[in-house]
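S.K.: Give me the fold of what follows.
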Amino acid sequence: MLAFSRLDRGRRLTIRARAKVNLGLEVLGRRPDGYHELLTCLSAIDLADRVRLEATGEGIEVACDAPGVPAGPDNLAWRAAELLRRATGTQAGGRIGIAKAIPVAAGLGGGSADAAAVLVGLNRLWGTGLDGTHLHALAVALGMDVPFFLGTGPALAAGRGERLRRVRAGRGVPLVVVNPGFPLATREVYGRLEPGDMSRGSRVRALVRALPGGPRAIAPRLVNGLEAAASRLWSGLDGVKAALVEAGALGAVMSGSGPTVIGIAPSPAAARAIAAALADRRWRVWVARTVAGPALSVVRSAGPHGAGAGSGSTWGVAKR
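M.R.: Below is the predicted model of the structure:
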């Protein structure tokens with residue numbers, strides 16, 4: 001369940017919504033409903049959006065500092081607020097301000113993280129009182145990654161991502177995150193899957209068993225069953241992976257449906273050196289690490305008169 005301090009009960013919240021990476025992902029097959037059955041290992045990383053929430057009298061307003069991000073029903077955060085309103089029958093409104101650090105349509109779950117922040121934050125600010133089970137159900141309705149962001153740490157996700165099991169991981173794994181600077185639509189990647197891209201999940205399970213062993217145990221077991229499909233849309237994927245390894249990464253893999261690629265570094269210093277070696281490429285590059293705890297945390301809250309509180313507290317809703 002959510003854990004808020006007494007001072008986190010005003011009309012405003014700012015939530016840090018961290019990105020996720022898929023250290024392992026296998027596509028098991030196509031389901032009768034048209035979606036694909038997945039098995040994936042997810043972890044939050046310390047690259048994060050900030051979602052500012054304010055309870056208002058009526059209506060839903062979204063503002064985002066990233067160019068091209070919609071402000072209405074096409075925005076997943078807007079849909080999260082509207083879904084919560086309909087599910088609870090509240091007439092309350094909310095202002096949602098999103099400061100983006102996570103690139104859009106990059107395989108890092110930025111939109112899903114923001115939507116999860118809206119669900120839990122407005123549930124608190126509006127006093128609608130939904131418990132973890134009900135919030136999880138709303139997250140499933142919003143999309144395959146959203147349930148993970150309500151959780152308490154690294155997880156093995158099955159189905160469309162809605163069946164989650166917390167997994168044991170070691171200390172934060174140093175990463176170099178490379179984004180080529182353009183979006184790749186999830187629907188298009190899944191649309192390019194071929195029967196030979198399917199597998200049985202054994203590689204993801206092996207990766208999960210290796211997580212406590214750290215970077216050198218994890219790197220040889222990285223897997224993403226969507227890479228072949230993504231390569232049919234973007235021929236540069238293998239080149240990014242190769243560049244990371246040549247610069248010193250122990251291994252590299254595409255995250256989610258791409259196009260972002262993550263490289264596993266042996267140490268934080270090595271991650272910085274790898275990033276520096278890639279500085280002359282026309283890519284966006286970050287040094288990051290995996291996070292053992294929740295993807296969402298309260299940065300700041302304020303009551304009706306602006307009193308700040310709650311800096312740095314974390315919480316999550318772990319289901320299944």
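S.K.: What are the boundaries of the strands in the protein?
M.R.: Chain-ordered strands for the chain, with DSSP state E as the definition, fall at 12-30, 36-56, 60-64, 93-99, 155-159, 163-166, 174-179, 223-224, 251-254, 261-264, 284-291, 296-302, 308-309.
S.K.: Give me whichever of those is most buried.
M.R.: Taking mean count of other CB atoms under 10 Å as the contact definition, the stretch among these with the greatest mean neighbour count is strand 261-264, which reaches a mean of 28. In short, each C-beta sits where N, CA and C put it, glycine included.
S.K.: which residues of the stretch 51-200 of the chain fall in helices?
M.R.: Taking DSSP state H, counting those that start in this stretch as the criterion, the stretch 51-200 of the chain contains helices spanning 76-88, 110-125, 132-142, 146-149, 186-191.
S.K.: Which among those helices is found nearest to residue 49?
M.R.: With respect to residue 49, and counting by CB to CB, the nearest of the helices of the stretch 51-200 of the chain is helix 110-125 at 5.7 Å.
S.K.: what angle separates that closest one from strand 12-30?
M.R.: Between the axis of helix 110-125 and that of strand 12-30 there is an angle of 130 degrees, by axes from the mean of the first three to the mean of the last three CA atoms, to 10 degrees.
S.K.: quick revisit: reformat the helices of the stretch 51-200 of the chain as JSON lines; add distance to residue 295, mean neighbour count and mean pLDDT.
M.R.: As requested, those are exported to JSON lines (distance: least, CB to CB, whole Å; neighbours: other CB atoms under 10 Å; pLDDT from 0 to 100):
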{"stretch": "helix 76-88", "distance to residue 295": "15", "mean neighbour count": "21", "mean pLDDT": "98"}
{"stretch": "helix 110-125", "distance to residue 295": "6", "mean neighbour count": "28", "mean pLDDT": "97"}
{"stretch": "helix 132-142", "distance to residue 295": "12", "mean neighbour count": "19", "mean pLDDT": "97"}
{"stretch": "helix 146-149", "distance to residue 295": "5", "mean neighbour count": "28", "mean pLDDT": "98"}
{"stretch": "helix 186-191", "distance to residue 295": "19", "mean neighbour count": "15", "mean pLDDT": "96"}
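S.K.: I'd like those as JSON lines, with distance to residue 229 appended.
M.R.: As requested, the helices of the stretch 51-200 of the chain are exported to JSON lines (distance: least, CB to CB, whole Å):
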{"stretch": "helix 76-88", "distance to residue 229": "22"}
{"stretch": "helix 110-125", "distance to residue 229": "20"}
{"stretch": "helix 132-142", "distance to residue 229": "23"}
{"stretch": "helix 146-149", "distance to residue 229": "21"}
{"stretch": "helix 186-191", "distance to residue 229": "5"}
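S.K.: Looking at these, spot the one closest to residue 53.
M.R.: Checking the helices of the stretch 51-200 of the chain against residue 53 by CB to CB gives helix 110-125 as the closest, at 4.3 Å.
S.K.: Give the full set of residues in contact with the residue nearest to residue 72 when sequence neighbours are not counted.
M.R.: If the residues on either side of it in the chain are set aside, residue 72 comes closest to residue 78, at 5.9 Å by CB to CB, 6 or more residues apart in numbering. Under the criterion of CB atoms under 8 Å, 6 or more residues apart in numbering, the contact partners of residue 78 comprise 60, 62, 70, 71, 72, 96.
S.K.: can you pull the contacts of the last one?
M.R.: In this case it means residue 96. Residue 96 touches 51, 52, 53, 60, 61, 62, 63, 77, 78, 81, 118, counting by CB under 8 Å, 6+ apart.
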